[in-house]
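Chemist: the sequence isn't on hand, but the structure is:
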């Protein structure tokens, strides 16, 4: 039954090509818009996801409190309230994967005739683990280097390019301030972080060396920041509150005294960024799907016209034995075919445009099979939904009236 | 005695109009046996078209019974009527009523689509019948490529394709010139000679003269019913 009807639907579509094409155009634009919007939205999500994964997961930082001298407050990280011992104590807590006390600042680097200003991070080897940062060549420094304040450095890709050019930096000696440092390794590229800062523009050295040779500190053993990585996303909150009570206890703070340190959840910031792009892509998709509905209304309109025009044909078909459901099926098939063909064209067009956007602007686009499938399901749905009323109208015609229709 | 193909008893049909109920048929009794060739005549408004619609199962009566090939169709559902039309009745209309976008062969085969017949059989049956009406060479043409008389032949082929018990022809020559009309009537004569029951509606006496029996309607009643050649 369906097979000959498909052929007839095809004939009917071909009978008025311009009209069919215009009706289809509504679906083409609708599906095309949805595909492009989803591709861009998912592309944005993907880009954020990528950035987040370079930062490291389940991270938070503890900053030391401020200091006040002559009424001038230093801002967070300025006071000597956090110590390496605090970091070691945090590492003992349950659910903590990595703890890296760090001290960072901007310094001028010199190698041969080249110099470069970059961010110097003094920390422990756990820092690289917490940030899931691997090396492309050479090796990192170890805990023993931290204990003995060795002058070794691991450099980021940007620093390597700017100071060493084509040379292999491993084993070379660069200077930070006036101190020579031997480069032991080059870090893998991470690209920009969420703020747009180049994460590869950095030098990592042992914490103790940084404090003694580079930044200097009036309080031995104090650190500005401790980076903590929790075992899991679920454990984050528990670990953070445990760290807070541990530090209050260690700092002997009374119940009515505020914290002398600050805590910031890095992953939460990233999550909210991801949430924003997710919302954006849903919004884009929703706006685009409005055009799908408009396309569907176009189909309904044309099908209604078609039923009226073909009233006599319906009468003839009924006279020679078409049942109501045969007529219903015939008109429904026509609507679905227009919708489907429009969807196929829209999908092709949408993918082509999305790829074009990617080629021209370099914007990340993601074309997923799910999106394509969704578009098809929607097209079939739109065809059936908007084709139903005209088809039912056709099937309920009175054969005598229909035969008499001129 | 041959079995009756059509048997109507006290058949009535009324329409609701703005001026109240209008009775188009007022208790009609008629019996048509297999192999008969009946012409239904009468002026417009006599009820003959209403009667044809009822005979063709396109409409249901307001009163009385209608037995088509032994089955009472008065109370059948729409879908059951559609199947009955498909299998038992072949229609021939005044305006030919071929579907313009389909080839003649597909037009002839269309009733078989609704009878769930497979494609090969449909094609073969349509071919045979187009040959039967002398239009085999136009099988792939569209209806607008051939003349009115030829279109009516195709319509007759379509009416025959499902091997019906009965052919209902409503003014089949109304749109044709007299020469072509004669050809069509000759074809009906041949079909009847092959044993097919034919009921023909016409208002032209010389067309009605081809039938073996003439039934005349007036004001919703049968006013005469006689064999051709006999005086009423």
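Modeler: That came in fine, so what should we check first? This is a predicted model, so every value here is computed, not measured. Numbering: from 1, shown residues only, chains lettered A, B, ... in the order given.
Chemist: did I read that right, residue B:163 in a helix?
Modeler: No: per DSSP: H, G, I helix; E, B strand; the rest coil, residue B:163 lies outside any helix segment and is coil.
Chemist: give me the neighbour count for it.
Modeler: 10 (other C-beta atoms under 10 Å in any protein chain shown). (Each C-beta comes from the backbone N, C-alpha and C, glycine too.)
Chemist: again, but for residue B:159
Modeler: Neighbours around residue B:159, by other C-beta under 10 Å: 26.
Chemist: need the contact partners of stretch A:170-188.
Modeler: A:107-111, A:120, A:128, A:133-141, A:151-157, A:160, A:163-164, A:169, A:200, A:202-205, A:209, A:213-214 (C-beta atoms under 8 Å, 6 or more residues apart in numbering or on different chains).
Chemist: return a ChimeraX selection command for the buried portion of the residues you listed.
Modeler: A single ChimeraX command selects the buried members of the contacts of stretch A:170-188 (16 or more other C-beta atoms under 10 Å in any protein chain shown):
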select /A:107,109,111,120,128,133,135,138,140,141,151,152,153,154,155,156,157,160,163,164,169,200,202,203,204,205,209,213,214
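Chemist: okay, and which of the contacts of stretch A:170-188 map to helices?
Modeler: Using DSSP state H, the members of those that fall in helices are A:128, A:157, A:160, A:163-164, A:209.
Chemist: element containing residue B:26, please.
Modeler: strand B:20-33 (DSSP states H and E).
Chemist: looking at chain B, which residue is nearest chain A?
Modeler: residue B:86 (2.4 Å; C-beta to the nearest C-beta).
Chemist: what's the burial count for the closest residue to that residue other than its chain neighbours?
Modeler: The shortest distance from residue B:86 to any non-neighbouring residue, by C-beta to C-beta, 6 or more residues apart in numbering or on different chains, is to residue A:321 (2.4 Å). Using other C-beta under 10 Å, residue A:321 has 25 neighbouring residues.
Chemist: report pLDDT for residue A:321.
Modeler: pLDDT, residue A:321: 91.
Chemist: what about it, is that helix, strand or coil?
Modeler: Quick answer, by three-state DSSP: residue A:321 is coil.
Chemist: could you do residue A:117 as well?
Modeler: strand.
Chemist: give the contact list for it.
Modeler: Neighbouring residues of residue A:117 by C-beta under 8 Å, 6+ apart: A:106-109.
Chemist: now those residues in a markdown table, with distance to chain B and pLDDT?
Modeler: Below are those laid out as a markdown table (distance: C-beta to the nearest C-beta, whole Å; pLDDT from 0 to 100):
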| residue | distance to chain B | pLDDT |
| --- | --- | --- |
| A:106 | 79 | 88 |
| A:107 | 83 | 89 |
| A:108 | 83 | 89 |
| A:109 | 81 | 88 |
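Chemist: between the residues you listed, which is nearest residue B:210?
Modeler: Minimum distance to residue B:210 across the contacts of residue A:117 is 111.6 Å, recorded for residue A:106 (C-beta to C-beta).
Chemist: wait, isn't the closest one in contact with residue A:201?
Modeler: No: counting by C-beta atoms under 8 Å, residue A:106 does not reach residue A:201; the two are 10.3 Å apart.
Chemist: mutual contacts of those two, please.
Modeler: Contacts common to residue A:106 and residue A:201, judged by C-beta under 8 Å, 6+ apart, are A:118-119.
Chemist: compare the two (neighbour count), which wins?
Modeler: residue A:201 (17 against 8).
Chemist: check the gap between that one and residue A:57 for me.
Modeler: 22 Å (C-beta to C-beta, to the nearest Å).
Chemist: residue A:264 belongs to a helix?
Modeler: No: according to three-state DSSP, residue A:264 belongs to no helix; its state is strand.
Chemist: ok, now which ones touch it?
Modeler: Contact analysis of residue A:264 by C-beta under 8 Å, 6+ apart lists A:60-61, A:63.
Chemist: okay, the residues you listed in TSV with neighbour count, secondary structure and pLDDT next?
Modeler: Output for those, formatted as TSV (neighbours: other C-beta atoms under 10 Å in any protein chain shown; DSSP: H, G, I helix; E, B strand; the rest coil; pLDDT from 0 to 100):
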residue	neighbour count	secondary structure	pLDDT
A:60	20	strand	88
A:61	17	strand	89
A:63	20	strand	87
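Chemist: tell me which of those is nearest to residue A:385?
Modeler: residue A:60 (49.2 Å).
Chemist: which non-adjacent residue is nearest the closest one?
Modeler: Among residues not flanking residue A:60 along the chain, residue A:265 sits closest, at 4.7 Å (C-beta to C-beta, 6+ apart).
Chemist: run a quick neighbour tally on the one you found.
Modeler: Using other C-beta under 10 Å, residue A:265 is surrounded by 16 other residues.
Chemist: how about residue A:325?
Modeler: 14.
Chemist: in what helix or strand does it lie?
Modeler: Here residue A:325 is assigned to helix A:324-361, by DSSP H and E.
Chemist: who are the packing partners of that helix?
Modeler: The helices and strands touching helix A:324-361, judged by 3 or more C-beta pairs under 8 Å, 6 or more residues apart in numbering or on different chains; DSSP states H and E, are helix A:2-15, helix A:17-55, helix A:266-309, helix A:311-319, helix A:369-395, helix B:78-88.
Chemist: which one of those lies nearest to residue B:119?
Modeler: Of the helices and strands packed on helix A:324-361, the one closest to residue B:119 (C-beta to C-beta) turns out to be helix A:2-15, at 7.3 Å.
Chemist: residue B:184: neighbour count?
Modeler: A count of neighbours around residue B:184, defined by other C-beta under 10 Å, yields 23.
Chemist: one more: residue B:33?
Modeler: 15.
Chemist: could you check the angle helix A:369-395 makes with the helix holding residue A:325?
Modeler: Inter-element angle recorded for helix A:324-361 and helix A:369-395: 150 degrees (by axes from the mean of the first three to the mean of the last three C-alpha atoms, to 10 degrees).
Chemist: report the angle between helix A:324-361 and helix A:266-309.
Modeler: Helix A:324-361 and helix A:266-309 are oriented at 140 degrees to each other (the same axes, to 10 degrees).
Chemist: bridging residues for the closest residue to residue A:159 other than its chain neighbours?
Modeler: Residue nearest to residue A:159 in three dimensions, not counting chain neighbours: residue A:118, with 5.4 Å by C-beta to C-beta, 6+ apart. Counting by DSSP bridges, residue A:118 forms beta bridges with residue A:107.
Chemist: residue B:21 now?
Modeler: On the basis of DSSP bridges, residue B:21 is bridged to residue B:16.
Chemist: can you give me how far the helix holding residue A:325 is from the chain middle?
Modeler: A distance of 29 Å separates the centroid of the chain from that of helix A:324-361, by C-alpha atoms, centre = their mean, to the nearest Å.
Chemist: what comes up buried for that helix?
Modeler: A:324, A:326-347, A:349-351, A:353-354, A:357-358.
Chemist: what does chain B put close to chain A?
Modeler: By C-beta under 8 Å from any C-beta of the partner chain, the part of chain B that sits against chain A consists of B:53, B:56, B:58-59, B:78-79, B:82-83, B:85-87, B:91, B:93, B:97, B:99, B:101-102, B:110-111, B:113-116, B:119, B:158, B:162.
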